[in-house]
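S.K.: need a 3D model of the following:
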Amino acid sequence: MKIAAFSVHSQPHIGVVQEESAISLTLLGGNRFPLCVKTFIEKSEELLPLAESLIEQRDNDDAVFPISDVKILPPIPSPEKIICVGLNYIDHCRETGMEPPASPVIFSKYANAIVGHHDAVEIPINSNEVDFEAELAIVIGKEAKHVSEEDANDYVFGYTIMNDISARDLQFKDGQWSRGKTADTFAPTGPVIVTKDEAGDPHNLSISLELNGEIMQDSNTNNLIFTIPQIISFLSQSMTLRPGDLIATGTPPGVGMGRSPKLWLKDGDRMSITIEKIGTLSNYVKG
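M.R.: Predicted structure coming up:
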């Protein structure tokens with residue numbers, strides 16, 4: 001199931017995306033469904049079967065909207081945590097001139113960075129070297145602490161797409177990555193959350209990024225250095241993961257800083273990230 005937050009004529013809905021349609025659970029189920037996707041995730045054991053039943057039994061199309069008629073919103077606009085894994089594809093390590101890490105390299109973004117499908121990525125006034133990074137993101141489904149790798153999948157609700165936008169000049173000037181990674185609009189996310197049953201094997205999904213129609217990144221999640229169970233277990237030894245937390249799993253090769261000459265985002269650029277089983281996240285750049 002592909003869960004989405006969207007608005008129709010400025011009215012918020014939570015719903016399910018099927019092909020080119022958005023089905024409103026808000027209209028089908030009324031107050032049985034929260035408008036907050038994070039709350040939906042917390043109650044997913046009850047609400048997912050209810051959603052499936054209502055969609056199967058609907059007898060009219062009043063709750064169905066063409067995707068072109070809705071505004072897709074960030075699925076989780078204010079997660080408690082946005083955790084990112086750096087240097088998690090070997091070829092990306094090589095293009096950045098860094099050695100593959102012995103353990104996951106962790107940094108964070110904040111909620112100010114979250115924007116949705118078709119929203120603008122804004123170039124900060126203090127940066128001239130803004131880069132793109134296509135990433136598969138894990139959506140945590142229930143509280144996780146001291147989780148083993150063997151049990152880690154039990155704590156996953158599903159997956160979404162994140163573009164880990166990075167101001168490289170700020171990132172490397174500071175010596176740590178926070179300021180360069182979490183400027184406003186630097187975490188486009190969405191367009192949907194695909195439940196783990198529909199996603200299938202998350203370690204065998206094609207992942208690509210197009211910039212102005214040209215493919216920049218083209219890989220597969222089977223090239224991850226640290227797997228999703230390893231990442232979840234590693235993090236949960238130090239911090240309690242909660243429903244709706246987002247974990248971006250790293251980017252494959254092809255980013256702007258790894259090219260010769262280097263390629264930085266500019267006003268008017270358009271980016272589209274496609275991950276198999278999830279869909280396409282598109283954003284434009286505002287300078």
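S.K.: ok, the closest residue to I228 other than its chain neighbours to E80 distance?
M.R.: Nearest residue to I228, sequence neighbours excluded (Cβ to Cβ, 6 or more residues apart in numbering): P202, at 5.5 Å. The way it works is simple: take the backbone N, C-alpha and C, and place the C-beta from them, glycine included. Distance from P202 to E80, counting by Cβ to Cβ, to the nearest Å: 22 Å.
S.K.: neighbour count winner among those two?
M.R.: P202 (24 against 15; other Cβ atoms under 10 Å).
S.K.: scan the chain for its longest helix.
M.R.: helix 44-57 (DSSP state H).
S.K.: quick one: contacts of that helix?
M.R.: 1, 16, 23, 25, 28-29, 32-33, 40, 141, 157, 195 (Cβ atoms under 8 Å, 6 or more residues apart in numbering).
S.K.: let me see the domain layout of this protein.
M.R.: Listed by automatic domain parsing, the domain ranges of the chain are 2-73, 82-286.
S.K.: turn those domains into TSV, including mean pLDDT.
M.R.: Below are the domains of the chain laid out as TSV (pLDDT from 0 to 100):
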stretch	mean pLDDT
domain 2-73	95
domain 82-286	96
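S.K.: could you say which of those domains is packed most deeply?
M.R.: domain 82-286 (a mean of 19; mean count of other Cβ atoms under 10 Å).
S.K.: what's across from the nearest residue to Y155 once chain neighbours are set aside in the sheet?
M.R.: Nearest residue to Y155 in three dimensions, chain neighbours excluded: A144, at 4.1 Å (Cβ to Cβ, 6+ apart). Beta bridges link A144 to L241, judged by DSSP bridges.
S.K.: which stretches in the stretch 151-287 of the chain count as helices?
M.R.: 168-174, 178-181, 196-199, 228-236 (DSSP state H, counting those that start in this stretch).
S.K.: turn those into TSV, including distance to Y110.
M.R.: Conversion of the helices of the stretch 151-287 of the chain to TSV gives the following (distance: least, Cβ to Cβ, whole Å):
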stretch	distance to Y110
helix 168-174	15
helix 178-181	9
helix 196-199	26
helix 228-236	17
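S.K.: out of the ones you listed, which gets nearest to S108?
M.R.: Closest to S108 of those is helix 178-181 (Cβ to Cβ; 6.9 Å).
S.K.: which residues sit against that closest one?
M.R.: 84, 107-109, 113, 127, 164-174.
S.K.: how much space separates L281 from I161?
M.R.: For L281, the distance to I161 - Cβ to Cβ - is 4 Å.
S.K.: who touches both of the two?
M.R.: 189-191, 273.
S.K.: in strands, which of those residues appear?
M.R.: 189-191, 273 (DSSP state E).
S.K.: which of the contacts of helix 44-57 sit farthest apart?
M.R.: Going by Cβ to Cβ, the pair spanning those furthest: L28 and G141, at 22.4 Å.
S.K.: so I83 is in contact with L235, correct?
M.R.: Yes: in this structure I83 lies within contact range of L235 using Cβ atoms under 8 Å: 6.4 Å.
S.K.: mutual contacts of the two, please.
M.R.: Residues within reach of I83 and of L235 at once, by Cβ under 8 Å, 6+ apart, are 106, 247.
S.K.: what's stretch 229-244 in contact with?
M.R.: Stretch 229-244 is contacted from outside by 37-38, 41-42, 76, 79-81, 83, 85, 103-104, 106, 138-150, 152-153, 155-157, 226, 247, 249, using Cβ under 8 Å, 6+ apart.
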